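A.B. asks: Sequence plus predicted model, see below.
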Amino acid sequence: MLKISDLDEWRTYANQLRSSGATVALVPTMGALHEGHVALVRAAKDRGDVVMLSVFVNPLQFDDSGDLERYPRTPEHDLAVALASGVDCLVEPSLGAMWPRYPAPTSTTVSVGPLGALFEGAQRPGHFDAVATVVTKLFALTGPSRAYFGEKDYQQLAVVRQVVRDLALDVEVVGCAVVRDDDGLALSSRNRRLSGEGRSRALALSRALTRARDATGPASTRRALLRETLEESDVEVGYVDVVDPVTLLPCDDGASGVARALVAGVVEGVRLLDNAPLTVGGR
Ligand code: PAF
């Protein structure tokens, strides 16, 4: 496995791969790799892509300095996981290379408009602009490619798809299903900060999604079930909603068809997200 940190080398390597006829896959991560990331690598390898996995904890997308400090950094573990999962090239750019003006923001940023102000964006102002900016830079360095993202961060995936569409970037965005532990908890680098008791409470997120999916009735009924299930387990509710899977706008009670249930909550100071498809109306 090749390791790159230099931005020019990154670009050159990806160009060479394409010249030799390969399809380049980018798996962008912030490290603390887990089975969710491994699933993205596997999905890329199953399609025969050459996989570049980037690890860069982007400080600009953290609105809370405490959260940034607590974000797990596990370089040795990441190296071992990347090797074991068949990553072809591990890219670890430095903060100075990515954001030379840090802690000042870059002069040029990507702004994603209303989609970035919903849900996570309402609670973390500027978060999605910062994600869009770093992802655009990762795409620019990699060049024409397929980029693999987990559906766990569903709004992030929608934002990235919008950026690619709006800016006509030569990147095929591939969304991969949420990966869960056996008990149903969606895998996240933040889960390692939960105690045993916190983890049991956190299971309310996936339980809420299952209840909402298995229920019948309009979006408002499903929303109420989501909220009730989180509250029963003392999860501090960030938001719950049932939304259009593409625009992420809330479904009204007349809506019928495939929708997406979104939940966010805080347990022991750890912010947790989950989501799942469901069918509303007409069941
Ligand atoms: O999902 C993440 O790990 C990050 O938000 C991403 C996409 C790597 C951008 O920093």
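C.D. replies: Noted; the coordinates are in hand.

A.B. asks: For the closest residue to N191 other than its chain neighbours, give me its contacts.
C.D. replies: Excluding the flanking residues, the one nearest N191 by Cβ to Cβ, 6 or more residues apart in numbering is L185, at 6.4 Å. C-beta: built from backbone N, CA, C; applies to glycine. Residues near L185 by Cβ atoms under 8 Å, 6 or more residues apart in numbering: N191, R199, A202, L203, L205, S206.

A.B. asks: Mind doing that once more with 10 Å?
C.D. replies: N191, L194, R199, S200, A202, L203, A204, L205, S206, L272, D274 (Cβ atoms under 10 Å, 6 or more residues apart in numbering).

A.B. asks: Please apply the same query to R227.
C.D. replies: Taking Cβ under 10 Å, 6+ apart, one finds A208, A212, V235, V237, Y239, V240, D241, V263, G265 in contact with R227.

A.B. asks: low-scoring stretches of the stretch 51-200 of the chain, by residue?
C.D. replies: Low-confidence segments of the stretch 51-200 of the chain, defined by pLDDT under 70, are absent.

A.B. asks: Near the ligand, which residues of it? Just list them.
C.D. replies: Within the stretch 51-200 of the chain, the positions adjacent to the ligand are N58, Q61, V131, V134, V135, D153, Q156 by Cβ under 6 Å from any ligand atom.

A.B. asks: Let's see that with 5 Å instead.
C.D. replies: With the criterion set to Cβ under 5 Å from any ligand atom, the stretch 51-200 of the chain comes near the ligand through N58, V131, V134.

A.B. asks: and the second one, what are its phi and psi?
C.D. replies: When quoted as degrees, to the nearest 10, the phi and psi of V131 stand at phi -60, psi -50.

A.B. asks: Grab the nearest non-local neighbour of it.
C.D. replies: Ranked by Cβ to Cβ, 6+ apart and with sequence neighbours excluded, the top spatial neighbour of V131 is Q61, at 5.1 Å.

A.B. asks: one step back: tell me which entries of the contacts of L185 lie within helices.
C.D. replies: Mapping the contacts of L185 onto helices (DSSP state H) picks out R199, S200, A202, L203, A204, L205, S206.

A.B. asks: Thank you, goodbye.
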